[in-house]
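Chemist: Compute the structure for the input listed below.
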Amino acid sequence: MKKIANIREEASAYEPEPVQTIADLDVVLLDGMEVSEKTDAEFPYKFIVVDNKEYKVPKSVLRDLKVQIDAKPEIKSFKVVKDGEGLRTNYSVVILE
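Modeler: Numbering: from 1, shown residues only. Here you go, the predicted structure:
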């Protein structure tokens, strides 16, 4: 067993790994985009990969997108607008085409 540091040092140095979200993209194409799941994270989540970068797809985005697709199946692209921070974050799906 290798000791790295004491718990105080580890806690003081801890910085959560930044995760980009689908709201960081200007446009998302509906077809051809594969959704994967990150199961080894502290809190598992779904994500897409664009230009070799992972973008988290919150469940609320998938729920809202389902409503939009049910209403208008021919949707081709959309974007996500993020409002708030932390537990008060809200995502809105905006249909582009």
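
Chemist: Roughly how far does Val61 sit from Tyr14?
Modeler: Applying CB to CB, to the nearest Å, the value for Val61 to Tyr14 is 28 Å. Using the backbone N, CA and C atoms, a C-beta is placed for each residue, glycine as well.

Chemist: When these two are compared, which one has more neighbours?
Modeler: A side-by-side neighbour count of Val61 and Tyr14, using other CB atoms under 10 Å, places Val61 first with 21 against 7.

Chemist: Does that one touch Lys82 like I think?
Modeler: No. Using CB atoms under 8 Å, Val61 and Lys82 do not qualify as a contacting pair, with a distance of 9.7 Å.

Chemist: ok, Phe78 touching Leu30?
Modeler: Yes. Using CB under 8 Å, Phe78 is in contact with Leu30, at 6.7 Å.

Chemist: so what sits against both of Val61 and Lys82?
Modeler: Residues within reach of Val61 and of Lys82 at once, by CB atoms under 8 Å, 6 or more residues apart in numbering, are Tyr91.

Chemist: which residues are contacting stretch 27-42?
Modeler: 22, 44-49, 54, 57, 69, 75-80, 96.

Chemist: The most centrally placed residue in the chain: which element?
Modeler: Closest to where the C-alpha atoms of the chain average out (CA atoms, centre = their mean) is Lys56, at 1.8 Å. Assessed by DSSP states H and E, Lys56 sits inside strand 53-57.
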